[in-house]
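Trainee: Sequence and computational prediction follow.
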Amino acid sequence: HYTLWKHDFHHRDVSPSNIMAYWSNGQWIGVLNDYDLSSIQCDGPSSHERIGTVQFMAIDLPEGDALEGKVTHLYRHDAESLVWVLVWVC
């Protein structure tokens, strides 16, 4: 995920249905899939749209300035979504 982010490819919808995990050679391997709501940073305005699964969205995205498209989607928003997924799953 971080490698894609560094190359301006933003997932923007981290949720349990978009994560697969499996056990291989004594360790867990996780895969983030379903990039249909993702964006490329040079897409312009789409990087300001509020998209994703609301229940797992970063806490500052489904309110205030974010609803008006005034908040740029940052890496920490996807990272926070992953934390919410882990809280929900565990």
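Mentor: Sure, I can see it.

Trainee: and residue 37, how many neighbours does it have?
Mentor: 15 (other Cβ atoms under 10 Å). Placement of C-beta: from N, CA and C, glycine included.

Trainee: Spit out the contact partners of it.
Mentor: 11, 12, 13, 51, 52 (Cβ atoms under 8 Å, 6 or more residues apart in numbering).

Trainee: What helix or strand is the nearest residue to it once chain neighbours are set aside located in?
Mentor: Of all residues not flanking residue 37 in the chain, residue 13 sits nearest, at 4.4 Å (Cβ to Cβ, 6 or more residues apart in numbering). Assigned by DSSP states H and E, residue 13 falls within no helix or strand.

Trainee: would you turn the contacts of residue 37 into JSON lines with distance to residue 19?
Mentor: Below are the contacts of residue 37 laid out as JSON lines (distance: Cβ to Cβ, whole Å):
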{"residue": "11", "distance to residue 19": "11"}
{"residue": "12", "distance to residue 19": "14"}
{"residue": "13", "distance to residue 19": "11"}
{"residue": "51", "distance to residue 19": "17"}
{"residue": "52", "distance to residue 19": "13"}
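
Trainee: hang on, the earlier thing: neighbours of the residue nearest to residue 37, just the number please.
Mentor: Counted with other Cβ under 10 Å, residues neighbouring residue 13 total 20.

Trainee: how much space is there between it and residue 5?
Mentor: Using Cβ to Cβ, to the nearest Å, one gets 13 Å for the distance from residue 13 to residue 5.

Trainee: and if you look at residue 71?
Mentor: Taken as Cβ to Cβ, the span from residue 71 to residue 5 is 17 Å.
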